[in-house]
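Undergrad: Need a 3D model of the sequence below.
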Amino acid sequence: MEIPEEKYQLTPVENNAKPARRRKTKSHVWKYFTVESISPECKRAFCNTCRKSFAYSMVQENGGSKVAGTSHLKRHLEKGTCGATAGLDNNNEGDDQNASGASTGVSESRKRRYRSPSSAYMAVFNPDVCRQDIARMIIMHDYPLDMVEHPGFQSFVQSLQPQFGAVSIDTIQGECVSSYLSEKQKVMRLIDAMPGRVCLSLDMRMSRNSLAYVFITGHFTDSNWKTQKWILNVVLEPYPDSHNALSHAVACCLSDWRLESKLLSLTLNHPVPEAGLENLRSHLCVKNPLILKGQLLLGQCISHTFTAMVNDILSAGGDIIKKIRDNIKYVTTSENHGEKFLHLKEQLQVPSEVHLFLDDKSQWNTTYQMLVSASELQEVFSCLDTVIPEYKEAPTMEDWKQVESLCTHLRSLFDAMNLLVSSPSPPAITLFQEGFRIQTTIACAATGDPFIGSFIKSMQEKIDKYWKECGLILAISVVMDPRFKMKLVEFSFSKLFGEESPLYVKMVDDGLHELFEEYVALPLPPSPAYGGDHGNIDRAEEHNQGGSISEYGLADFDMYIMENTTQQFKSEIDQYLDENLEGRGSNLDVLEWWKQKRSKYPTMSKMARDILSIPVSTTLPESMFSTKPRELSPNARSETLEPFVCTKDWLQHGLTEDFGGLESLVVSDLSNPALKVEF
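TA: Residues are numbered from 1 along each chain as shown. Take a look at the predicted model:
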């Protein structure tokens with residue numbers, strides 16, 4: 001049996017005398033830990049200060065017990081993470097003094113061995129590390145730079161570490177930029193190792209002084225077949241309405257990250273005039289070989305389309321929404337009215353369990369939920385004047401009918417947006433199904449109702465525009481899912497386009513094959529999957545060397561084979577499309593499926609890897625239900641916006657942890673090592 005950290009003391013003896021038996025002494029760590037039984041077979045040591053538990057003893061199969069020792073307990077004390085080490089120095093000094101008389105004759109090395117490790121508990125103050133930590137804190141939490149000069153902050157830091165001197169705004173700003181450059185090299189290394197193409201998404205945000213900033217995010221699949229998403233640039237555009245605003249921003253990004261020949265698609269998160277799109281497309285054609293004649297180049301974010309449709313509904317129902325909101329205010333802002341409302345609800349035996357609440361006008365999901373709750377309690381509102389005679393503004397039956405229509409059409413969009421919120425990178429199949437469902441709901445709407453007609457036509461135009469501009473991208477992404485392939489496209493298009501569906505299905509099929517041919521023309525990267533084929537060729541050559549076959553008289557035989565054989569060579573894409581669908585019972589990781597099939601489908605796997613990186617939706621979850629355009633933080637400064645935004649994104653995505661091996665990179669070969677602010 002092991003005894004916790006045995007320590008021995010020797011008793012001095014006379015010559016020719018037998019040495020005294022060594023006596024075990026209890027380790028000093030037990031002043032700070034207590035052993036408690038967790039079960040009859042297990043005991044653990046608990047720190048008396050922080051109550052963290054550590055292994056102590058465990059009963060083994062042979063009936064004996066194994067003791068863990070105290071080394072790990074000492075390490076806990078040496079870390080200084082809890083107050084247990086506060087009085088360690090004094091206590092250990094007392095231990096040494098008490099043991100000094102008994103340790104006469106013990107070698108100096110033995111004394112050093114059992115000397116208190118108190119010196120290890122004292123952390124060495126490093127002002128450089130402290131400044132770096134402050135810089136990262138400011139970046140991660142969007143704190144203003146001038147907080148380092150706030151008296152309250154300085155007093156707090158001084159109370160923690162008196163040796164830490166005051167730092168200036170310029171010093172901390174330099175630390176922030178230094179962190180940005182360091183993290184940027186890690187992302188640069190990752191992008192340089194990218195085996196396929198990159199997809200960019202663009203989001204324009206306004207500052208309080210009416211300046212526009214284009215946030216550019218890169219989406220791609222790395223060499224480990226893991227999807228990556230990083231904010232690459234934040235480019236100032238003083239004139240966002242100009243036709244070349246986006247072209248300038250994208251050109252800066254492609255040049256900065258050396259992506260001129262690697263761009264696959266662009267996804268826009270805000271409306272852009274047709275002239276601006278044409279200008280952007282023409283600029284990109286210069287240095288970027290367009291895939292599929294540029295049909296995959298520009299796409300509208302589907303969540304932006306959904307939000308635009310929501311605005312159509314809210315605009316058409318503005319009057320009735322205000323009336324419902326005022327009625328809810330009447331009930332909820334008066335305690336007396338609220339009590340009478342609840343009492344009347346009980347009398348009428350209304351089964352609904354919902355509660356009335358006011359919406360946040362900037363979040364349309366709360367408006368939808370407010371209308372739903374009011375609609376369930378409409379019977380109470382209709383009878384409220386019987387208990388509150390002065391209540392004269394109850395909604396009419398026609399009003400409630402309009403509320404029901406609003407809820408019906410908002411519900412489908414609400415459900416779709418919730419799916420986007422629940423998954424930061426929703427699969428294309430999910431968005432394809434939601435788009436199909438919303439299109440079906442709109443098509444079934446009662447167009448004879450003048451109120452519904454006031455917004456349904458505009459909604460139809462927006463969803464039709466999305467399918468026209470982005471339907472090919474979405475459909476090809478669905479085909480890359482082995483559970484659906486072309487079958488779901490054929491089924492959905494037959495419902496959407498009726499007799500014209502074969503035309504649209506053919507457009508997808510032709511685009512798919514054309515895209516495949518373009519990828520066939522690209523060189524295959526070196527891979528073990530392809531190495532096996534070379535081995536087969538070599539063995540075939542060796543076999544042929546063993547004996548040749550005469551070609552005399554076989555020309556007619558070749559013609560006979562060509563005329564009579566029915567088996568034709570199938571390309572990868574046709575082989576993939578003709579095979580049976582994968583089962584839908586399991587939650588299939590489509591990208592992982594293609595990774596496993598890359599030896600069978602070397603070209604198709606490359607194509608799928610890139611296609612599945614296209615961001616169909618780019619809106620952040622926290623902005624999914626917003627009715628207002630996103631604005632920059634009031635603490636944002638033009639000269640530090642890009643370093644702060646990019647570094648925060650990289651740190652939040654765990655770049656330092658996931659790619660820790662890149663820390664040794666030297667900051668070099670940056671096209672723009674400093675912050676780029678274009679005026």
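
Undergrad: which parts of the longest helix seen in the chain are buried?
TA: In the chain, assigned by DSSP state H, the helix with the most residues is helix 450-479. Applying a neighbour-count criterion of 16 or more other CB atoms under 10 Å, one finds 451-452, 455-456, 458-460, 462-463, 466-467, 470-479 buried in helix 450-479. Using the backbone N, CA and C atoms, a C-beta is placed for each residue, glycine as well.

Undergrad: Rounded mean pLDDT for that helix, please.
TA: Across helix 450-479, the average pLDDT comes to 90.

Undergrad: what helices or strands is that helix leaning on?
TA: Applying 3 or more CB pairs under 8 Å, 6 or more residues apart in numbering; DSSP states H and E, we find helix 450-479 packed against strand 298-300, helix 302-316, helix 397-422, helix 428-443, helix 485-497, helix 501-521.

Undergrad: what's the angle from the last one to helix 450-479?
TA: Here helix 501-521 runs at an angle of 30 degrees relative to helix 450-479 (axes from the mean of the first three to the mean of the last three CA atoms, to 10 degrees).

Undergrad: Then the longest one?
TA: Helix 397-422 runs at 20 degrees relative to helix 450-479, counting by the same axes, to 10 degrees.

Undergrad: other SSEs contacting helix 397-422?
TA: With contacts taken as 3+ CB pairs under 8 Å, 6+ apart, helix 397-422 sits against helix 302-316, helix 318-332, helix 364-376, helix 428-443, helix 450-479.

Undergrad: now the last one, how far from the centre of its chain.
TA: Here the centre of mass of C-alpha atoms in helix 450-479, compared against the chain's by CA atoms, centre = their mean, to the nearest Å, lies 27 Å away.

Undergrad: got JSON lines for the helices and strands packed on helix 397-422, with distance to Tyr213 too?
TA: JSON lines is the format used below for the helices and strands packed on helix 397-422 (distance: least, CB to CB, whole Å):
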{"stretch": "helix 302-316", "distance to Tyr213": "18"}
{"stretch": "helix 318-332", "distance to Tyr213": "31"}
{"stretch": "helix 364-376", "distance to Tyr213": "25"}
{"stretch": "helix 428-443", "distance to Tyr213": "27"}
{"stretch": "helix 450-479", "distance to Tyr213": "25"}
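
Undergrad: returning to what we had before: tell me which of the helices and strands packed on helix 450-479 approaches Leu651 most closely.
TA: When these are compared by CB to CB, helix 397-422 sits nearest Leu651, at 23.1 Å.

Undergrad: what about Glu36, how many residues close to it?
TA: 11 (other CB atoms under 10 Å).

Undergrad: Can you tell me the element it falls in?
TA: Using DSSP states H and E, Glu36 sits within strand 33-39.

Undergrad: For that strand, which strands pair with it and how are they oriented?
TA: strand 42-47 (antiparallel) (DSSP bridges).

Undergrad: so where's the stretch 251-400 of the chain uncertain?
TA: For the stretch 251-400 of the chain, the stretches with pLDDT under 70 are 287-290.

Undergrad: Do me a favour and average the pLDDT over the strand holding Glu36.
TA: 83.

Undergrad: likewise stretch 610-627?
TA: Stretch 610-627 shows a mean pLDDT of 87.

Undergrad: measure it end to end?
TA: Stretch 610-627 has an end-to-end distance of 32 Å (criterion: CA to CA, to the nearest Å).

Undergrad: circling back to that earlier point, dump the strand holding Glu36 to CSV, restricted to CA.
TA: Provided in CSV are the C-alpha atoms of strand 33-39 (Å, rounded to 0.1, in the frame of the first residue of the first chain):
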residue,chain,number,x,y,z
PHE,A,33,-6.9,18.9,3.0
THR,A,34,-9.5,16.6,4.6
VAL,A,35,-10.1,13.0,3.6
GLU,A,36,-13.8,12.2,3.2
SER,A,37,-15.5,8.9,2.2
ILE,A,38,-17.5,9.2,-1.0
SER,A,39,-18.5,5.5,-1.0
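
Undergrad: Good, we can wrap up now.
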